[in-house]
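*Asks:* mind folding the following:
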Amino acid sequence: MMKKLQTLPLLCISICGLGQIPNLPTTSRPNASSFHNYSNQNYGSPARSNVPSVPHGGLYNQRSSQIQQQNARMMEEDFRKVAQEQELRNKQENYNRQQALEDSYYDLPTLSGKTGTQSYYDAFNKLSGLDSDNFSVSEANFIVENAYYGDKQNYNQFKSDIQKTAKQLLQKMKERKQDTENNTDKNLMIFEYLSKGMKLGGVHHKAIKYDFEDYMGAKDWSKMFVSKLLKTGSGQCHSMPLYYLMLAEEMNAEAHLAFAPNHTYIKFKDEEGEWQNAELTNGIFTTSSIILESGYIKSEALQNDIYMSSLSKKELMGQLYADLANGYAHKYGLDEFVGKTLDKALEYSPNNIYANLLKSTYQQAKLGYVAGQLGIKDLENPEELQNIRFYPRALALLQETKAQFNNIDNLGYVTMPEGAYEEWLGNMKGEANRQKSEAIAERMRQINAEKQRQKQQETLRKAQEQKKKESQQSKEKAQYFPIDPKHL
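*Replies:* Numbering: from 1, shown residues only. So this is what the prediction gives:
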């Protein structure tokens, strides 16, 4: 196929050669005998009455013929230039068509004609317009989810529900006489609300349940959405941590998303500066050792911060781009939009393991398509694969795909089977881990209570010192003015 493509320019040149120049009529050269003999010495002499009159028509015809020949040459040159310009245009058009045809071999077929894809292009532009270091998690996540729904969701309603719950949680803290400025207390309140449920505004809210049905979103990608969680009261390890971050954002609490194999959870610092792991799928606080018990976290993964590391705001934005690409792929398939969006995700978070895994899937699909276009049907056949060396761009794509897989290996990724993930989640529900969780939470509460007591004592001490200072100033003033000036 490529060989045919390479012969295309030669064919086009032969077909679209110089345009044929028209045969212009030429004026016959004048006959010398048609001119009178003006060399006679008596020419012009008035004394000779027999001298014939000057034949004006002959000179005029000569000049007219010269002008016609000159015009003919100019027209011929003009036509030649037009033909040359047309030839150049034809060559350029043929080259452009060839390039477009060749480029089509190296790009996945676009899916832009499918209904709803424009919503994803718009979502990409909206995310690009946000400040990656300072953005609203609620807004950015809504943009991602709304693209899947074709821009038919109501952001004001979505935002209002989150703000209302956050406001009620702060009010609950005041009722319990908790410090609404304390980061740990606010995180404990959010965690309790999601994992145990509570009464807010006179209404009892149940704990958010884990949705075990299609929890990976293989059949229905909307299972991953916070909007789905708000409607049904159930979610999984993707939507629950994101909802937690939205509530924390509205309550001005600091919390971060973190990854484990096939999993996300929440990390925040307590009053002693230690990181705490809030596991929402089981409603417990976990230690690092419990997360490591999955057996699918290599030391390289920890060194490269692909797991158990708190995401910065920019890294979280990278994850949202990965979610946007994943939603598009689930709804429509793979095309160049997915590659573009994943490149943006990796720009913000180069070691994001989920974005890297999606990128490898995209590149593998692209390589398979390109190879098929070039007549290489079986990439697993070493002998057939050798033919790719004749196509530099395809060879570069093959090398990029291999490099992507090597990068994933170097990051320390190990595939975790679905069954192993479910077993790990089940083990975390054990009584021993639940008791550890209660102990962790109680320790944080006691530390906070002690901190609050110390804060109250410090406030009281400062108030007493201020009162003592004012009393001393009053005594000093009385020494200088023993008699009240008002009575003088």
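
*Asks:* only C-alpha atoms for contact and neighbour calcs from this point on.
*Replies:* OK.

*Asks:* tell me the confidence at Lys3?
*Replies:* In this model, Lys3 is scored at 37, pLDDT.

*Asks:* going forward can the numbers begin at 412, since that is how I track them
*Replies:* Sure thing, new numbering starts at 412, so read that last one as Lys414.

*Asks:* which residues in this structure form strands?
*Replies:* 609-611, 614-616, 620-621, 645-646, 667-671, 674-680, 686-690, 695-697 (DSSP state E).

*Asks:* adding mean pLDDT and mean neighbour count, write those out as CSV.
*Replies:* Output for these, formatted as CSV (pLDDT from 0 to 100; neighbours: other CA atoms under 10 Å):
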stretch, mean pLDDT, mean neighbour count
strand 609-611, 94, 15
strand 614-616, 94, 11
strand 620-621, 94, 20
strand 645-646, 96, 23
strand 667-671, 97, 21
strand 674-680, 97, 21
strand 686-690, 96, 22
strand 695-697, 94, 23
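
*Asks:* can you tell which of those is closest to Thr595?
*Replies:* strand 674-680 (7.3 Å; CA to CA).

*Asks:* who does the closest one touch, helix- and strand-wise?
*Replies:* helix 594-606, helix 650-661, strand 667-671, strand 686-690 (3 or more CA pairs under 8 Å, 6 or more residues apart in numbering; DSSP states H and E).

*Asks:* partner strands of that strand and their direction?
*Replies:* Using DSSP bridges, strand 674-680 pairs in its sheet with strand 667-671 (antiparallel), strand 686-690 (antiparallel).

*Asks:* what number of residues lie near Gly823?
*Replies:* 20 (other CA atoms under 10 Å).

*Asks:* for the one 4 residues further on, same thing?
*Replies:* Look at Met827: counted by other CA under 10 Å, it has 14 neighbours.

*Asks:* ok, how many other residues are close to the residue nearest to Arg800 when sequence neighbours are not counted?
*Replies:* Closest residue to Arg800 apart from its sequence neighbours, by CA to CA, 6 or more residues apart in numbering: Leu806 at 5.8 Å. When neighbours are defined as other CA under 10 Å, Leu806 has 18 of them.

*Asks:* what's the answer for Gln884, then?
*Replies:* Gln884 has 11 nearby residues by other CA under 10 Å.

*Asks:* same question for Gln574.
*Replies:* Gln574, neighbours per other CA under 10 Å, totals 17.

*Asks:* using a markdown table, lay out the helices and strands packed on strand 674-680 together with distance to Leu745.
*Replies:* Below are these laid out as a markdown table (distance: least, CA to CA, whole Å):
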| stretch | distance to Leu745 |
| --- | --- |
| helix 594-606 | 35 |
| helix 650-661 | 24 |
| strand 667-671 | 25 |
| strand 686-690 | 33 |
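
*Asks:* picking up where we left off before, make a markdown table from the strands paired with strand 674-680 and add distance to Lys502 to it.
*Replies:* Formatted as a markdown table, the strands paired with strand 674-680 follow (distance: least, CA to CA, whole Å):
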| stretch | distance to Lys502 |
| --- | --- |
| strand 667-671 | 55 |
| strand 686-690 | 64 |
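
*Asks:* wait, which of these is closest to Lys588?
*Replies:* strand 686-690 (23.2 Å).

*Asks:* who does the closest residue to Gln647 other than its chain neighbours form a beta bridge with?
*Replies:* Closest residue in space to Gln647, ignoring its immediate chain neighbours: Tyr621 at 5.3 Å, by CA to CA, 6+ apart. Per DSSP bridges, the residues bridged to Tyr621 are Gly646.

*Asks:* surely Tyr621 touches His649?
*Replies:* No. Using CA atoms under 8 Å, Tyr621 makes no contact with His649, being 10.7 Å away.

*Asks:* please report how far Arg587 lies from Val614.
*Replies:* From Arg587 across to Val614, the span is 17 Å (CA to CA, to the nearest Å).

*Asks:* can you check Ser721 too?
*Replies:* 34 Å.

*Asks:* now do the contacts for Asn737.
*Replies:* 749, 769 (CA atoms under 8 Å, 6 or more residues apart in numbering).

*Asks:* switch the cut-off to 10 Å
*Replies:* 632, 731, 743-745, 749, 752-753, 765-766, 769 (CA atoms under 10 Å, 6 or more residues apart in numbering).

*Asks:* same check, this time on Lys777
*Replies:* With contact taken as CA under 10 Å, 6+ apart, Lys777 is in contact with 516-520, 745-747, 750, 771, 783, 805, 808-809, 812.

*Asks:* same check, this time on Thr692
*Replies:* Thr692 touches 605-606, 619-622, 646-649, 651-652, 674-676, 836, 839-840, counting by CA under 10 Å, 6+ apart.

*Asks:* cool, and Tyr773?
*Replies:* 519, 740, 744-747, 749-750, 753, 767, 812.

*Asks:* distance of it from Asn762?
*Replies:* Applying CA to CA to Tyr773 and Asn762 gives a distance of 17 Å.

*Asks:* thinking again about what came up before, how about the strands paired with strand 674-680, which one is nearest Leu796?
*Replies:* So among the strands paired with strand 674-680, strand 667-671 is nearest, using CA to CA, at 36.5 Å.

*Asks:* what about the closest one, distance to the chain center?
*Replies:* Mean C-alpha position of strand 667-671 versus that of the full chain (CA atoms, centre = their mean, to the nearest Å) differs by 19 Å.
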